[in-house]
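In: when you get a sec, could you give me coordinates for this:
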Amino acid sequence: MSSNKSSEEPEEVEEIEEVEEKPVEAEEVEVVEEKFYTINLRDVWTTPRGRRTPKAIRVLKDYIRRHMKVEDFKISNEVNQMVWGMSLKKPPRRLIVRAVKDKEGNVIIFPAKST
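Out: Sure, this is the predicted structure:
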């Protein structure tokens, strides 16, 4: 059962074009409305340690739904990394975020840039 690879014809490999999706940045979004929010996550710390960060994400989503009056929105990777940065057990006490609404009504949540 020895296979002789040299006698086999090489298989043709199709080149697949990979389209890289660039992360949406604030400069690319045409801003119709922009608001800054400080979201207090103090109540998250009363939940058990293993559930704190998922609850922090839920609190963030509920806050944005209530204040921007939208159901669907996107949270940028930077905000997600801010919340999950200290692990599952230690979310931040508060978040300062920037909510940007574009022409189509899409809302994207970015971290507020400290100047």
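
In: mind listing what's buried along the lengthiest helix in the chain?
Out: When the chain is parsed with DSSP state H, its longest helix is helix 52-68. Counting neighbours by 16 or more other Cβ atoms under 10 Å, one finds that the buried residues in helix 52-68 are Arg52, Thr53, Lys55, Ala56, Ile57, Val59, Leu60, Tyr63, Ile64, Met68. For the C-beta atoms, the positions are set from N, CA and C on the backbone; glycine is no exception.

In: pipe those residues into TSV and attach distance to Gln81 and pLDDT per row.
Out: Listed next are the buried residues of helix 52-68 as TSV, based on distance: Cβ to Cβ, whole Å; pLDDT from 0 to 100:
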residue	distance to Gln81	pLDDT
Arg52	16	96
Thr53	12	96
Lys55	17	97
Ala56	13	97
Ile57	12	97
Val59	17	97
Leu60	13	97
Tyr63	18	97
Ile64	17	96
Met68	21	94
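
In: make sure Leu88 is actually in contact with Thr53.
Out: Yes: here Leu88 reaches Thr53: they are 5.0 Å apart, a contact under Cβ atoms under 8 Å.

In: which residues of this structure fall in strands?
Out: Along the chain, counting by DSSP state E, strands occupy 33-40, 73-75, 94-101, 107-111.

In: which of those strands sits closest to Thr47?
Out: Nearest of the strands of the chain to Thr47, taken as Cβ to Cβ: strand 33-40 at 14.6 Å.

In: coming back round to it: mind putting the strands of the chain into CSV with distance to Val83 and mean neighbour count?
Out: As requested, those are exported to CSV (distance: least, Cβ to Cβ, whole Å; neighbours: other Cβ atoms under 10 Å):
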stretch, distance to Val83, mean neighbour count
strand 33-40, 10, 12
strand 73-75, 9, 16
strand 94-101, 7, 18
strand 107-111, 10, 19
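
In: before I go, just wanted to say thanks for your time.
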